[in-house]
Structure formats: C-alpha cells, structure tokens
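[1] model this:
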Amino acid sequence: MEFFKVLHKYKLARACEINTIHGTIKTPVFMPVGTQATVKLMTPEDMYDMGVDVILGNTYHLFLRPGMDIMKKAGGLHKFMNWKRPILTDSGGFQVFSLSQFRKITPEGVKFKSHIDGAEHFLTPEKVIDIQTDLGSDIMMVLDECPPYPAERKYIEDSLDLTLAWAKRAREYHKSDTSFLFGIIQGGVHKDLREKSMEELFKMDFPGYSIGGVSVGEGKDLINQGVDWCAPFMPENKPRYLMGVGTPEDIWYAVEKGVDMFDCVFPTRIARNGAVYTKEGQISVRNGEYKEDFRPMDPGCGCYACQNYTRAYIRHLFNTHELLGMRLTTLHNIYFMIRLMDNIRKSIFEDRYEKAKEEFFSVYKLRS
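    Down below sits the predicted model:
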C-alpha cells in the first residue's frame, strides 16, 4: 500500500490520496475535529453520509478521559466511538499552548497538571507515540511546543531547538508500519527559523509534514505568510498539513500554495452559535430578520438540514434552546466544508483553480 500519491497538479495546487488501513483520504481534505471521541452532535453515520473521509482526535484529552485503560479495553479509538474510517490524532502540542497555566516544559517532556482533577502527568515524545498507538491512530503527530504569539525571538529559537530534539526522539521511537508519523514545522513568524525547522525535519524523513504554530493569535496576514514560507518548499512526495486553519478563505489561499490537509473547530463551533455558511457568505440564523424566512439555510444546498428545514424553524429552535437547532447547523456547516473541498479538488483536476476561486468569491462575501 503506497501511503501517498500525487494524482494531479495545477501549478502548486495538488489533488492527492493518502492510503491507510482504515481507508483512503482524498485531498485537499478538511478534517472535522472530534476532540473527545466525537464530532459534537454528529454520529458516525452522519459523517459517512456527508462523505467525511477522516476526523481528528486529541491525544491529550483522550489520555485524560476516558484514559488509556478504557481505550485499550475498548480496542482503540475506532471501536470505542464506532468510527471505521481514518483518524488523525494531535500530539498534545497545542495543549502546551492552550493550557499553559497547567504545564511545565522540560528537555525531557511536558509535565501537565490535569485541568480536570489536578493529577500530574508527564508526556514525553515517546509516551505520546505510545498513547497514539493505543488509540489506533492512522496519522500521528510528534510532540512539539506550539509557542504563543507574540513571543521574543530568543524564546522561539529555544522552543524550536526543543521541538526538533523531541521530533528526532519520536522519529527514532516510532516503529509501526500501519500508522504514519508527521513532523511539525515551527519557527513562529521568523522566516529563517521556519527554514531551519524544515531543513532539520526533512533530514529525519517523516512520512508527512505539518505547518504548526499558526492560528495562535497572529492574524490572517501572518498565517498566510507562514504558508508562503513553508508550503511550496515542503517535499513533493509527502502530505502537507496546515494545522488548526480552516475557514473557506484560508483553505482557498493555502491549497493554491500547495497545502493538502486542514482541520479547524471554527465551522462546527460557529454552528453551535447559530452561524452557518451559505454560498453568499456566513449568516446567523438566530437573527430576527429570519423570523418569517421559510427558505432553507442555504438555498440549493443538498444537506439534510437544508432539504428538510427552514431558517425560521431553526431560528425558533435556537431561541427555545432546543438541541436540534445546533445539530442541524453543525450538520450543514460540515456538509458545506466537504462540498467545498470536493469543488476545489475538481477544479485542480480540471486545471481551472483560479477560475473556480474567482467564481466562488464572486458570490461568497467575506465578513468585514
């Protein structure tokens, strides 16, 4: 089984496939986030019906709850949550950033104080591989430090050296031929440090590479700058994953630079607050203007929610705190993202990426 194939290129944009023991992932791909062994409000059957190839799980949170004893007895994450397609797991590196008040970084690893019960846990590059192996992850991430923004250059330099040392240990420790370990490019907003990160990681010959340390408060221009510095220079024969980034406009930008994989909580998080994507842009169905609007959320959309329910009804569900409202908007936004990726992939095969992008944004209006 060949792990990764580039099927077609249009300039820098790529249409590829990633093959795992749990199935094939068609790229460019958007991966819904299932941090706690569930994509909130969705069943696996919902996800299959929408054409979701792969979801993302979180090593740190699943390690804490339900814990690895239960996970091993269940037979791994796929069986535990009844998901039969590929799973990518984050390493806990983002929690080094997001739970900074609960952790201490050492050369050996990261000591976390559980935000749930205060228990102390020590995660090393090797232990993170063991946890992801027990989860049965198809694609694993190395333990890294995701530095905050802004941060002093010296901090970023030291952080990068530590991440590279951890990556080397993880690469040497990982022996599985049924899971694939990705290196994570760090370096903050410093071009020379990003270049150093790539140079050192590429020597370690990981099966795939991620652009990390983005979407940590630096704004879209600097995120795009990081993509410009990395994506075109990453190995041609390996997947390229932009971590934690995934609005429609971000995806169009990064695919054009050669990125293959995306994950982001944004589409499902905004859905739970009543915001949905439409072909004309993002709207909030909670707004009073939709009180007597008996059209679907996105006219022309083929999702279950738009085929069966109106804006007025879904607004009513939100106003009366009925969970069905959040479920319908979440389902719609995931469907929107999956269809967006299908359209992008099709445009690459048809050598009309710029034209397809122009057509999309001629109707889809960005929020000011």
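[2] now the strands: where do they sit in the stretch 201-350 of the chain?
    When secondary structure is read from DSSP state E, counting those that start in this stretch, the stretch 201-350 of the chain shows strands at 208-211, 240-242, 261-263, 275-278, 281-284.
[3] For the second one, which outside residues touch it?
    Residues from elsewhere that reach strand 240-242 (CB atoms under 8 Å, 6 or more residues apart in numbering): 182, 208-211, 214, 227, 231, 234, 250, 254, 258-263. All C-beta spots, glycine's among them, are computed from the backbone N, C-alpha and C.
[4] Likewise for the fourth one?
    Among residues not part of strand 275-278, those counted as contacts by CB under 8 Å, 6+ apart are 248, 267, 270, 282-285, 297-298, 301, 329, 332-333, 336-337.
[5] which of those residues are buried?
    Buried members of those, scored by 16 or more other CB atoms under 10 Å, are 248, 267, 270, 282-283, 285, 297-298, 301, 329, 332-333, 336-337.
[6] In TSV, list these along with distance to Lys104 and pLDDT.
    Below are the buried ones among the contacts of strand 275-278 laid out as TSV (distance: CB to CB, whole Å; pLDDT from 0 to 100):
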residue	distance to Lys104	pLDDT
Pro248	38	97
Pro267	34	98
Ile270	34	98
Gln282	39	97
Ile283	44	98
Val285	44	98
Met297	46	98
Asp298	47	98
Cys301	48	98
Thr329	39	98
His332	42	98
Asn333	37	98
Phe336	41	98
Met337	37	98
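[7] if we can go back for a sec, adding distance to Leu41, write the strands of the stretch 201-350 of the chain out as TSV.
    Converted to TSV, the strands of the stretch 201-350 of the chain look like this (distance: least, CB to CB, whole Å):
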stretch	distance to Leu41
strand 208-211	27
strand 240-242	25
strand 261-263	17
strand 275-278	14
strand 281-284	18
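[8] And the ones you listed: which comes nearest Ala305?
    Ranking the strands of the stretch 201-350 of the chain by proximity to Ala305 (CB to CB) places strand 275-278 first, at 8.7 Å.
[9] model confidence over the closest one, on average?
    Across strand 275-278, the average pLDDT comes to 98.
[10] cool, stretch 73-91 as well?
    Rounded mean pLDDT across stretch 73-91 is 97.
[11] give me every residue that touches the most centrally placed residue in the chain.
    With distances taken as CA atoms, centre = their mean, the residue of the chain nearest its centroid is Asp263 (1.6 Å). Going by CB under 8 Å, 6+ apart, Asp263 touches 30-33, 56, 88, 241, 243-244, 246.
[12] what about the protein, any weak spots by pLDDT?
    Applying pLDDT under 70 to the chain picks out residues 368.
[13] Number of residues surrounding the nearest residue to Leu366 once chain neighbours are set aside?
    Closest residue to Leu366 apart from its sequence neighbours, by CB to CB, 6 or more residues apart in numbering: Glu249 at 6.0 Å. By other CB atoms under 10 Å, 15 other residues sit near Glu249.
[14] which residues are in contact with the one helix or strand Asp69 maps to?
    Take DSSP states H and E as the rule and Asp69 turns out to sit in helix 68-74. Residues from elsewhere that reach helix 68-74, judged by CB under 8 Å, 6+ apart: 62, 77, 80, 131, 134-135.
[15] Go again with 10 Å.
    37, 62-63, 66, 77, 79-81, 130-131, 134-136 (CB atoms under 10 Å, 6 or more residues apart in numbering).
[16] I'd like to know which of those residues are buried.
    Here, 16+ other CB under 10 Å leaves 37, 62-63, 77, 80-81, 131, 134-136 buried among the contacts of helix 68-74.
[17] Format those as JSON lines; extra columns: distance to Glu350 and secondary structure.
    Listed next are those as JSON lines, based on distance: CB to CB, whole Å; DSSP: H, G, I helix; E, B strand; the rest coil:
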{"residue": "Ala37", "distance to Glu350": "38", "secondary structure": "coil"}
{"residue": "Leu62", "distance to Glu350": "40", "secondary structure": "helix"}
{"residue": "Phe63", "distance to Glu350": "44", "secondary structure": "helix"}
{"residue": "Leu77", "distance to Glu350": "37", "secondary structure": "helix"}
{"residue": "Phe80", "distance to Glu350": "40", "secondary structure": "helix"}
{"residue": "Met81", "distance to Glu350": "36", "secondary structure": "helix"}
{"residue": "Ile131", "distance to Glu350": "42", "secondary structure": "helix"}
{"residue": "Asp134", "distance to Glu350": "43", "secondary structure": "helix"}
{"residue": "Leu135", "distance to Glu350": "38", "secondary structure": "helix"}
{"residue": "Gly136", "distance to Glu350": "37", "secondary structure": "coil"}
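[18] tell me how far the longest helix anywhere in the chain is from the chain's mean position?
    For the chain, the longest helix by residue count, based on DSSP state H, is helix 323-349. Relative to its chain's centre, helix 323-349 lies at 14 Å (CA atoms, centre = their mean, to the nearest Å).
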